[in-house]
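Q: Take this sequence and fold it.
(chains A and B)
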Amino acid sequence: MSPKTLYDKIWDAHVAHEADDGTCLLYIDRHLVHEVTSPQAFEGLRMTGRTVRAPDKTIAVPDHNVPTTLDRANAKTMTEDSRIQVEALDTNAKEFGLHYYPVSDVRQGIVHIVGPEQGWTLPGMTVVCGDSHTATHGAFGALAHGIGTSEVEHVLATQTLIQKKSKNMKVEITGKLSPGVTAKDITLSVIGATGTAGGTGYVIEYCGEAIRDLSMEGRMTVCNMAIEGGARAGLIAPDEKTFAYCQGRPHAPKGAQWEAALNWWKTLYSDDDAQWDKVITIKGEDIAPVVTWGTSPEDVLPITGTVPAASTFKGGKVDAAKRSIEYMGLTEGMALTDIEIDTVFIGSCTNGRIEDLRAAAAILKGKKIKEGMRAMIVPGSGLVRAQAEEEGLADIFKDAGFEWRLAGCSMCLAMNPDQLSEGERCASTSNRNFEGRQGYKGRTHLMSPAMAAAAAITGKLTDVREMM
Amino acid sequence: MDKFDKLSGVAAPMPMVNIDTDMIIPKQFLKTIKRSGLGVNLFDEMRYDRQGNEIPDFVLNKPQYRDAEILVAGDNFGCGSSREHAPWAIKDFGIKCVIAPSYADIFYSNCFKNGILPIALPQEQVDVLMKDAEKGSNARIEIDLEAQTITTSDGEVFTFEVDSFKKHCLMNGLDDIGLTMEKAASIETFEASASQSRPWV
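A: Numbering: from 1, shown residues only, chains lettered A, B, ... in the order given. Next up is the predicted model:
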């Protein structure tokens, strides 16, 4: 048998039909659904008299629109159009018999945090969702990617997706990470190195010692941002850590089925002599705590750096850098650590898991945020929130001056009331620093939870290593 | 879905790189439960000031580009989110074809589901078309999907690549779901086999 990559193996196990031109029907094991990108798909089913083919493989949870303030049970905290979307999901989930975690359920949260937490996401699966950050689930060695609403409808109706195979790309992070360097710094540094289109047409497998050393939470952070590098999906081969994370989760297999699953999962790795279409290698020790300075996730620099001169770029990126620097209200050559912030957001599907909150709490313990700073922590799920309260993290956050919120996407994309105002500048653990992403004319600097916590204390972008 | 075969139209030039889906349709317009009506908010934050007045410098506000049916753009067009609201807004505005050096994967796929033809060409050719587009409403660019050609207003012809299945669906306005349902037997066979080999799924 010819050697295969992990992606090849998962792909081959899910082809339900292949046409002569290589167009495949890929079978989908898990379909995650949220309120923003699904209403038109369900409406399409109704208009054509179709139904959901596999409701037992379809999981719905509202996350993008939901308020995260403690008074959210009061429907008035939501705008009319948001409420209509959330209600539409409720109706659709019930009418079509989907697994469903409504806002009132403690298990509700960001769809990419709920899936793994509940054991819906397992190694070797195909997982899709009408959300680009579906790449997160690749941390389990699942082939997971975002789809548009037409494809959501297609998966609802047929449990398949029309696909052509992507190319294989290997991103190896060798050696050890230095203190203060996290999974977020890895994933941002990779995008900084490859650019936001560097992964276009590929599925990335992340490997190497620094990746193996990461917890499952860290691996999810790395895979989450594969999409910011342009890749269809990010993957990490499952190992003992993966199996330990999955075992005992509500929807993970049990007993003999667990053993059978484990036997197959242990075959899910790239063969030694597998062929790669592109290979990137980065030394773990070369990665520093990083921040973004511009309005593209590829605008990444070590925190010790300075705002670059637009003239140092090439092609269309010269104008893009000029526009970014102006939009961000920066001057060329200024030290990144001189950039003052007024808002801190810790949360999102990138960094809203328990380990992220622990990392932030380790920096914030016994400290106060800078006076006048608006700082919020939005846990990724109700269960993450409960665990953080049990571990005493919530008290650390509240004592430091953070708002301690309920679960949702929140200020990552600012569809709910959590938004930046014009000119406000945010240290954010989310995944996109696009113009207007966190609010009209708002300014976003992406970084790790520990770096965001450090910035909350000093009021400036800060090298977290100085606080450790 | 609308069929796409030939198009002769005005092209609007947007030479920016990395035009993302938040620029194409900002999040406040994702709260709709319909597919239509988003054209008025296409590129909203670049197109209008906070009071809702048009910003005259923005390309689609200029008289010569208000009826543009083609968009010529920079590299990595449509990067960011999976929101199909982006192609819905483009289509609703009246744009049926985008030409750029490259596209983000999900956006590219979303276009075909909505009768929009996204064409990827080498940067040098996009540069020629960008110059042509800058001539405004006197310059019409012609696109022939069957022949896979683009003809500039000066008569220069470029050929482009497109996946044969996607081309077939676009030219005939075919509904993907209907096509897949014709293969229901294959899906059933796959499900029966998978329930044996991977029963935990």
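Q: can you give me the helices in the stretch 101-250 of chain A?
A: Here the stretch 101-250 of chain A has its helices, by DSSP state H, counting those that start in this stretch, at A:111-117, A:149-158, A:183-194, A:209-212, A:216-224, A:240-246.
Q: burial measure for residue A:395, as a count.
A: A count of neighbours around residue A:395, defined by other CB atoms under 10 Å in any protein chain shown, yields 14. C-beta: built from backbone N, CA, C; applies to glycine.
Q: Is it part of a helix or strand, or is it coil?
A: With DSSP: H, G, I helix; E, B strand; the rest coil as the basis, residue A:395 sits in helix.
Q: Give me the contact list for stretch B:40-49.
A: By CB atoms under 8 Å, 6 or more residues apart in numbering or on different chains, the residues outside stretch B:40-49 that reach it are A:435-436, A:440, B:23-26, B:29, B:54-55, B:58, B:60-61, B:89-90, B:92-93.
Q: Just the ones of these in helices?
A: Of the contacts of stretch B:40-49, the ones assigned to helices by DSSP state H are B:23-24, B:89-90, B:92-93.
Q: which of the residues you listed tops the neighbour count?
A: Highest neighbour count within the ones in helices among the contacts of stretch B:40-49, by other CB under 10 Å: residue B:90, with 27 neighbours.
Q: So what does the closest residue to residue A:85 other than its chain neighbours have for phi and psi?
A: Nearest non-adjacent residue to residue A:85, counting by CB to CB, 6 or more residues apart in numbering or on different chains: residue A:35, 4.4 Å away. Here is the backbone geometry of residue A:35 (degrees, to the nearest 10): phi -80, psi -20.
Q: For residue A:35, which residues are in contact?
A: Each residue near residue A:35 by CB under 8 Å, 6+ apart is listed here: A:62-65, A:85-86, A:88-89.
Q: May I see the helices of the stretch 101-250 of chain A organised as JSON lines, with mean pLDDT added?
A: Shown next, in JSON lines, are the helices of the stretch 101-250 of chain A (pLDDT from 0 to 100):
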{"stretch": "helix A:111-117", "mean pLDDT": "98"}
{"stretch": "helix A:149-158", "mean pLDDT": "98"}
{"stretch": "helix A:183-194", "mean pLDDT": "98"}
{"stretch": "helix A:209-212", "mean pLDDT": "98"}
{"stretch": "helix A:216-224", "mean pLDDT": "98"}
{"stretch": "helix A:240-246", "mean pLDDT": "98"}
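Q: Which stretches in chain B count as strands?
A: In chain B, the segments counted as strands under DSSP state E are B:6-14, B:70-73, B:97-100, B:117-120, B:140-144, B:149-151, B:157-159.
Q: Which elements pack onto the lengthiest helix in chain B?
A: The single longest helix within chain B, with elements called by DSSP H, is helix B:184-197. Under the contact definition 3 or more CB pairs under 8 Å, 6 or more residues apart in numbering or on different chains; DSSP states H and E, helix B:184-197 sits against strand A:15-18, strand A:24-27.
Q: residues in contact with the helix or strand that the last one is followed by?
A: Toward the C-terminal end, the helix or strand that comes next after strand A:24-27 (DSSP states H and E) is strand A:30-33. Counting contacts by CB under 8 Å, 6+ apart, the residues outside strand A:30-33 that touch it are A:54, A:57-61, A:89, A:92-93, A:98, A:111-112, A:115, A:120-121, A:125-131, A:134, A:142, A:152, A:155-156, A:159.
Q: Out of those residues, which are close to chain B?
A: Among these, proximity to chain B is found for A:57, A:125, A:130-131, A:134, A:159 (CB under 8 Å from any CB of the partner chain).
Q: and residue B:172, how many residues sit next to it?
A: Quick note: residue B:172 (other CB under 10 Å) scores 12 neighbours.
Q: Contact partners for it?
A: residue B:3.
Q: quick one: it and residue B:159, what's the gap?
A: 21 Å (CB to CB, to the nearest Å).
Q: before we move on, what about residue A:121?
A: Distance from residue A:121 to residue B:159, by CB to CB: 43 Å.
Q: The two - which one has more neighbours?
A: Higher neighbour count among residue A:121 and residue B:159: residue A:121, with 31 against 11, using other CB under 10 Å.
Q: Tell me if I'm right that the more buried one and residue A:142 touch.
A: Yes - in terms of CB atoms under 8 Å, residue A:121 counts as a neighbour of residue A:142; the distance is 5.7 Å.
Q: which residues do the two both contact?
A: Common contacts of residue A:121 and residue A:142, defined by CB under 8 Å, 6+ apart, comprise A:30, A:127.
Q: Give me the neighbour count for residue B:27.
A: Neighbours of residue B:27 under the rule other CB under 10 Å: 23.
Q: Also residue A:84?
A: By other CB under 10 Å, 16 other residues sit near residue A:84.
Q: what's the most buried one of the helices and strands packed on helix B:184-197?
A: strand A:24-27 (a mean of 22; mean count of other CB atoms under 10 Å in any protein chain shown).
Q: That one: partners in the sheet, and parallel or antiparallel?
A: Strand A:24-27 has the following sheet partners, assigned by DSSP bridges: strand A:15-18 (antiparallel), strand A:160-163 (antiparallel).
Q: and the two most separated of the contacts of residue A:35?
A: Distance extremes for the contacts of residue A:35: the farthest pair is A:63 and A:88 at 14.2 Å, using CB to CB.
Q: More neighbours: the two, which one.
A: Taking other CB under 10 Å, residue A:63 and residue A:88 do not tie; residue A:63 has more neighbours (32 against 18).
Q: Tell me if I'm right that the more buried one and residue A:110 touch.
A: Yes - in this structure residue A:63 lies within contact range of residue A:110 using CB under 8 Å: 4.8 Å.
Q: which residues are common contacts for these two?
A: Counting by CB under 8 Å, 6+ apart, the residues touching both residue A:63 and residue A:110 are A:407-409.
Q: What distance do you get for the closest residue in space to residue A:234 that isn't next to it in sequence to chain B?
A: Excluding the flanking residues, the one nearest residue A:234 by CB to CB, 6+ apart is residue A:226, at 2.9 Å. Separation of residue A:226 from chain B (CB to the nearest CB, to the nearest Å) stands at 11 Å.
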